[in-house]
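[1] sequence isn't available, so here's the structure alone:
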Ligand SMILES: Nc1nc2c(ncn2[C@@H]2O[C@H](COP(=O)(O)OP(=O)(O)OP(=O)(O)O)[C@@H](O)[C@H]2O)c(=O)[nH]1
């Protein structure tokens with residue numbers, strides 16, 4: 001009695017700790033809703049195992065507590081699966097439908113209260129848990145990294161849920177194993193599965209946070225384009241192909257007399273022009289071209305597989321389209337941009353190519369702006 005109280009009490013503490021850790025992470029770091037659902041999953045598990053513990057303390061109510069614990073277990077797995085579906089932006093209808101079916105079914109067994117209701121409820125709970133794990137594994141099936149680790153942990157958890165179902169079946173009154181043996185399976189498997197899942201969800205949360213920060217570090221906050229660090233990463237990937245003799249063009253673009261826009265209309269209007277200009281660049285280029293903002297009103301374009309003649313034709317079209325893009329805005333005088341264009345040479349660093357493109361841009365500015373120069 002004491003040892004089983006200690007076991008179920010420890011499971012309550014473990015699930016509470018993971019639930020609270022996820023809840024705090026969700027609130028503190030402004031995480032997406034799936035983290036809250038996972039926190040809910042562990043808190044529901046804590047409630048479920050709390051009810052089991054309560055059943056041991058008040059044996060008179062053991063059946064009521066046991067059936068409520070079955071509901072809490074299915075709810076816990078359903079919330080976990082719901083979190084995974086949400087994180088992957090996939091529909092949770094299958095999870096919800098399963099949750100409803102198993103809840104009603106377990107409730108029905110309780111109301112029916114046949115001789116075998118308890119064993120059947122246990123079997124239903126284990127099947128419901130395994131069904132939810134099935135959704136999680138299916139959601140993670142093609143994921144790499146932490147997704148692959150999570151998939152394996154969940155496969156083991158699913159196998160464990162199934163073994164609980166089998167044990168429940170074998171422990172039916174008159175079955176070949178005792179109720180004690182069934183409880184033993186639960187006491188070993190549940191804390192193991194709980195710790196595995198808890199560590200896994202926290203790892204996923206940490207890895208999502210790290211990815212978000214990396215993304216932020218590479219992104220320009222105003223325009224959402226890549227920033228200087230982002231473009232350096234992009235060029236590193238592209239230079240590999242440029243070395244294989246595919247022409248890679250670097251273009252530096254700078255808005256003309258931008259200071260005058262700021263001075264006349266204010267900084268917010270200047271920001272709006274930068275944002276619209278960024279969108280114009282993005283929509284004017286091909287999907288595999290790279291657009292980045294590396295300074296105040298200075299942008300960089302990387303045009304892979306684009307030889308000099310094609311690059312100059314493209315840049316010329318772009319240059320002519322800039323005043324048109326702002327023509328409808330009566331507050332603005334003619335908006336134009338200057339361009340410096342160059343090809344990345346074999347074995348050359350990005351900084352060297354950028355410096356040459358900058359020199360070409362300087363010449364465009366010096367020769368009257370609203371023009372493109374190749375270097
Ligand atoms: N609104 C806004 N202005 C910025 C931002 N970053 C830099 N600037 C402003 O951009 C202006 C750039 O001015 P200059 O370097 O003289 O360039 P310009 O007026 O465009 O002149 P040319 O480039 O020679 O044609 C400065 O007034 C900066 O304060 C920004 O994020 N938002």
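    Alright, I've got the coordinates. Here the structure is a predicted model, which means the values were calculated and not measured.
[2] when you work out contacts or count neighbours from here on, use the C-alpha atoms and nothing else.
    OK.
[3] kindly report the residues of this structure close to the ligand.
    Residues of the chain found near the ligand (CA under 6 Å from any ligand atom) are 255-260, 262, 267-268, 270-271, 296-297.
[4] ok, which pair from those residues is furthest apart?
    Based on CA to CA, the longest span within those runs between 256 and 268 and measures 17.5 Å.
[5] more neighbours: which of these two?
    Using other CA atoms under 10 Å as the criterion, residue 256 and residue 268 rank with residue 256 on top: 18 against 10.
[6] confidence score at the more buried one?
    In the predicted model, residue 256 carries a pLDDT score of 95.
[7] and for the closest residue to it other than its chain neighbours, the neighbour number?
    Setting aside the residues directly before and after it, residue 256 is nearest to residue 337 in space (CA to CA, 6 or more residues apart in numbering), at 5.1 Å. Residue 337 has 25 neighbouring residues, counting by other CA under 10 Å.
[8] my read: residue 337 touches residue 258, true?
    No: Residue 337 lies out of contact with residue 258 (CA atoms under 8 Å); the separation is 9.4 Å.
[9] mutual contacts of those two, please.
    Shared contacts of residue 337 and residue 258 (CA atoms under 8 Å, 6 or more residues apart in numbering): none.
[10] and the helix or strand of the chain with the lowest mean pLDDT, what does it pack onto?
    One helix or strand of the chain scores below all others by mean pLDDT, DSSP states H and E: helix 228-243, with a mean of 78. Counting contacts by 3 or more CA pairs under 8 Å, 6 or more residues apart in numbering; DSSP states H and E, helix 228-243 is packed against strand 248-255, strand 290-293, strand 298-304.
[11] let me have the ones you listed in CSV, extended by distance to residue 2 and mean neighbour count.
    Listed next are these as CSV, based on distance: least, CA to CA, whole Å; neighbours: other CA atoms under 10 Å:
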stretch, distance to residue 2, mean neighbour count
strand 248-255, 72, 26
strand 290-293, 65, 25
strand 298-304, 69, 22
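[12] so which of those strands comes closest to residue 37?
    Between the helices and strands packed on helix 228-243, strand 290-293 lies closest to residue 37; by CA to CA that is 36.4 Å.
[13] returning to what we had before: as a markdown table, the helices and strands packed on helix 228-243 with distance to residue 108 would be great.
    Converted to a markdown table, those look like this (distance: least, CA to CA, whole Å):
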| stretch | distance to residue 108 |
| --- | --- |
| strand 248-255 | 68 |
| strand 290-293 | 60 |
| strand 298-304 | 64 |
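[14] and the residue lying closest to residue 304 once chain neighbours are set aside, how far from residue 234?
    By the measure of CA to CA, 6+ apart, the closest residue to residue 304 outside its immediate chain neighbours is residue 248, 4.5 Å from it. Taking CA to CA, to the nearest Å as the measure, residue 248 and residue 234 are separated by 12 Å.
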